[in-house]
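>>> Next come a sequence and a model predicted from it.
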2 protein chains.
Amino acid sequence: MAKAPPPLRSRDRDATARSILAAAKEVLAEEGFGNFGVNSIARRAGCDKQLIYRYYGGLDGLAEAIGADLAAELAEELKPLSTPAQTTYGALMKHLALSLLDLLRRNRLMQQINAWEAAAPSPLVTKLIAARAKRMGQWMFEIRGALKPPAGIDAPAVNAIVIAAVQQLVVSASANGEFSGLPLRTDADWRRLKDAVSALVEGIYGA
Amino acid sequence: MAKAPPPLRSRDRDATARSILAAAKEVLAEEGFGNFGVNSIARRAGCDKQLIYRYYGGLDGLAEAIGADLAAELAEELKPLSTPAQTTYGALMKHLALSLLDLLRRNRLMQQINAWEAAAPSPLVTKLIAARAKRMGQWMFEIRGALKPPAGIDAPAVNAIVIAAVQQLVVSASANGEFSGLPLRTDADWRRLKDAVSALVEGIYGA
DNA sequence: GACACTTATCACCATGCGGTGACATTGCAA
DNA sequence: TTGCAATGTCACCGCATGGTGATAAGTGTC
């Protein structure tokens, strides 16, 4: 009997490879690393998992591809944020913290990477971390320019604290809609948080 | 022929139940929620997984038991931190942030709960979160007493930021030994971070 | 038209998981 | 002693996973 034509697929290697990459990013962004596996990705991409091994050499290679993709995407998002000259170091850090908050809030993929970096530091997530850290560091170096922090202040430590807070708050909000009793759902909630961040940064670096 | 005596086990229900609970806490603290399952726990406890179902009604019940256990433990650790009267609201918050940092740094179980709360908000971890939040809120209420924050400052938001930073930094340090390029391994590293936290809190609430 | 090559799919394996029913052993009580 | 409940162990099921070899369906070339 005439077998129904099973291979309805497009038979275009590049296209399928792209769709696999897209599916992988979706799975990661929506479900996190917990469900990040060949079966899940192949299901979403609508193709056989074998192709993941053929075109990416397995999950590791796929993660690397995601890393490269993420770095490019990140560079694109960071570019418009590099306003040429902030007048003071404090103003710069404030701008940086608030920009990072907005960027992170929009990017669920990066949220998941941050979340899982702490929870399950597998070699898989480490690859992604490296890709992100490289771009971020480069950006911060560029944007800082020649500005120096005020004397007597441990700027690296202070900045790490601010960035840590931003990350934790965005990720927590995304997962639970609040942090430690502080609601983080509406735009007004975020406005309020941003004001507090601004106040903190100005409090230590000067207004 | 004479079967070797298989049941070398102690045949003491309470003792076995306790050993299961202990094993569960160990698995959670050392490996996180990723490996938190009946097989893994039973292996570590050295008993059959069936007993987990019999004595705790499955993983959910076991998680609840861990929650209760954690709440008690937490109350015990929090008690000596309740120094009766801080002179100013700023000094109080500083004390609170630094105490929380030390406590969290010592308690791997709580680190894992924080980490997985963001990564995989399963009903399992939600139970644990609730147990922790209840105790923490109660403690903060007690320790605050009648002190009021300075006018013009959104204290809840600021405090959430500080606590968020502490959590993220401790958890990241535990997983990677650093955060955003800031090393967090030696006591000197932590001393440095604490100084920065102090400076930030004093910067906004006044010294 | 016949051939080789690429693309895609399927069937299968071993492993580990959560979960359950049946069975052996012990100790207490009538 | 006999019976029974409590404690502990084992064998098994269904399912999902990561991974691999064989096979079918299209596509370009001579």
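In hand now; what should we look at? In this text, all values refer to a predicted model and were calculated from it rather than measured experimentally. Numbering: from 1, shown residues only, chains lettered A, B, ... in the order given.

>>> residues touching A:Lys148, list them.
Contacts here follow CB atoms under 8 Å, 6 or more residues apart in numbering or on different chains; on that basis A:Lys148 touches A:Tyr89. Any C-beta I mention is one placed from the backbone N, CA and C, and that applies to glycine too.

>>> which stretches of chain A form strands?
In chain A, the segments counted as strands under DSSP state E are A:178-179, A:182-183.

>>> The first one pairs with which strands, parallel or anti?
Strand A:178-179 has these partner strands in its sheet, going by DSSP bridges: strand A:182-183 (antiparallel).

>>> What is the neighbour count of the nearest residue to A:Val197 once chain neighbours are set aside?
Computed as CB to CB, 6 or more residues apart in numbering or on different chains, the closest residue to A:Val197 that is not its neighbour in sequence is A:Ala97, at 5.6 Å. One way to gauge burial is a neighbour count; for A:Ala97, by other CB atoms under 10 Å in any protein chain shown, it gives 19.

>>> In chain A, what residue comes closest to DNA strand D?
For chain A, the nearest residue to DNA strand D under the criterion CB to the nearest atom of the strand is A:Gly37, separated by 1.9 Å.

>>> Dihedrals phi and psi, that residue?
Reported as degrees, to the nearest 10, the phi and psi values for A:Gly37 are phi -150, psi 170.

>>> do the same with the one 10 residues further on
With angles defined as degrees, to the nearest 10, A:Cys47 sits at phi -140, psi -180.

>>> and what of A:Leu147?
Per-residue torsions, A:Leu147: phi -70, psi 140 (degrees, to the nearest 10).

>>> pLDDT score assigned to the nearest residue to it once chain neighbours are set aside?
When the adjacent residues along the chain are set aside, A:Leu147 lies closest to A:Tyr89, with 4.8 Å between them (CB to CB, 6+ apart). A:Tyr89 is assigned a predicted lDDT (pLDDT) of 94.

>>> buried ones in stretch A:50-70?
By neighbour count, with 16 or more other CB atoms under 10 Å in any protein chain shown as the criterion, the buried positions of stretch A:50-70 are A:51-52, A:55-56, A:59, A:62-67, A:69-70.

>>> just stretch A:180-190 next, same as before
Of the residues in stretch A:180-190, those scored as buried under the neighbour-count criterion (16+ other CB under 10 Å) are A:Ser180, A:Leu182, A:Leu184, A:Asp189, A:Trp190.

>>> that older thread, measure the residue lying closest to the residue of chain A closest to DNA strand D once chain neighbours are set aside to DNA strand C for me?
Taking CB to CB, 6+ apart, and ignoring the residues beside it in sequence, A:Gly37 has A:Leu59 as its nearest neighbour in space, at 7.2 Å. When CB to the nearest atom of the strand, to the nearest Å is the yardstick, A:Leu59 and DNA strand C sit 16 Å from each other.

>>> For B:Ala133, see how far away A:Leu59 is.
35 Å (CB to CB, to the nearest Å).

>>> neighbouring contacts of stretch A:13-32?
Outside of stretch A:13-32, the residues that reach it under the criterion CB under 8 Å, 6+ apart are A:9-10, A:35-36, A:40-42, A:44-47, A:51-52, A:55-56, A:62, A:65-66, A:69, A:108-109, A:112-113, A:115-116, B:119-120.

>>> Please pick the buried ones from the residues you listed.
Burial by neighbour count, 16+ other CB under 10 Å: within the contacts of stretch A:13-32 this picks out A:36, A:40-42, A:44-45, A:47, A:51-52, A:55-56, A:62, A:65-66, A:69, A:108-109, A:112-113, A:115-116, B:119-120.

>>> From A:Leu92, how far out is the residue nearest to A:Ile163 when sequence neighbours are not counted?
Leaving out its chain neighbours, the residue that sits closest to A:Ile163 by CB to CB, 6+ apart is B:Ser180, at 5.5 Å. Between B:Ser180 and A:Leu92 the computed distance is 16 Å (CB to CB).

>>> Which of the helices and strands in chain A ranks last by mean pLDDT?
Averaged element by element with mean pLDDT, DSSP states H and E, chain A has its least confident helix or strand at helix A:123-144 (a mean of 87).

>>> Correct me if wrong: the residue nearest to A:Ile163 contacts A:Ala160.
Yes: with the criterion set as CB atoms under 8 Å, B:Ser180 and A:Ala160 qualify as a contacting pair; they are 5.0 Å apart.

>>> which residue ranges form the helices in chain A?
Taking DSSP state H as the criterion, chain A contains helices spanning A:13-31, A:38-45, A:50-56, A:59-78, A:89-106, A:108-119, A:123-144, A:155-176, A:187-205.

>>> In terms of pLDDT, where does the residue at minimal distance from the centre of chain A sit?
Among the residues of chain A, the one closest to the centroid is A:Met110, at 1.9 Å (CA atoms, centre = their mean). Among the per-residue scores, A:Met110 holds a pLDDT of 96.

>>> ok, for it, nearest residue in space, not its chain neighbours?
Leaving out its chain neighbours, the residue that sits closest to A:Met110 by CB to CB, 6+ apart is A:Leu104, at 5.9 Å.

>>> how about A:Glu73, what does it touch?
A:Glu73 makes no contacts at all, as judged by CB under 8 Å, 6+ apart.

>>> Low-confidence stretches in chain A?
A:1-9, A:84-86 (pLDDT under 70).
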